[in-house]
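Undergrad: Could you look at this predicted model? Sequence included:
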Amino acid sequence: MRIHEVAARTGLSIHAIRFYEQSGVLDENLISRSKANYREYDQGILENLRVVKFSQKAGFTIHEIADMMQKFNIDTVPTTHKIAALEAKLAQVTQRAQEIDQVKQLIVDKLNTLRKPATR
């Protein structure tokens with residue numbers, strides 16, 4: 001499928017897909033060139049892009065995603081290294097979630113204070 005179809009099926013812009021491709025987060029084995037020199041994307045690119053979008057939402061940077069995708073697509077990287085990388089990111093995401101919960105509580109407390117009727 002061509003890039004416009006990938007964009008339509010993923011909700012990503014063509015620019016974003018090209019950026020991901022240039023950043024190394026897409027599996028190069030899923031991208032080829034047609035005789036007319038158009039990019040042709042394998043069906044698997046949709047899952048690849050889903051993982052990229054999810055990873056960004058989870059707090060991974062583009063660099064981390066590219067590194068992870070390269071490592072996870074290479075059979076020579078030991079599973080223990082893959083697990084360690086994911087556990088480290090999980091710890092970071094958990095910490096960030098706790099910080100967000102604290103900010104949320106501060107906002108709730110401030111709202112409650114502001115909503116109390118003024119005492120005379």
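TA: Sure thing, it's come through. Residues are numbered from 1 along each chain as shown.
Undergrad: now for whichever strand or helix holds residue 100, which elements pack on it?
TA: Per DSSP states H and E: residue 100 is located in helix 79-115. Helix 79-115 makes packing contacts with helix 62-72 when contacts are defined by 3 or more CB pairs under 8 Å, 6 or more residues apart in numbering; DSSP states H and E. For the C-beta atoms, the positions are set from N, CA and C on the backbone; glycine is no exception.
Undergrad: buried stuff in the helix it packs on?
TA: The neighbour-count check on helix 62-72 (16 or more other CB atoms under 10 Å) flags 64, 65, 66, 68, 69 as buried.
Undergrad: pLDDT on it, on average?
TA: Computed over helix 62-72, the mean pLDDT rounds to 82.
Undergrad: can you give me the angle that helix makes with helix 79-115?
TA: Counting by axes from the mean of the first three to the mean of the last three CA atoms, to 10 degrees, helix 62-72 lies at 150 degrees to helix 79-115.
Undergrad: Pick out the most distant pair among the buried residues of helix 62-72.
TA: Between any two of the buried residues of helix 62-72, the greatest separation by CB to CB is 9.6 Å, found for 64 and 69.
Undergrad: roughly how far out does the lowest-mean-pLDDT helix or strand in the chain sit from the chain middle?
TA: Lowest on mean pLDDT, DSSP states H and E among the helices and strands of the chain sits helix 62-72, with a mean of 82. Distance, stretch centre to chain centre, for helix 62-72: 10 Å (CA atoms, centre = their mean, to the nearest Å).
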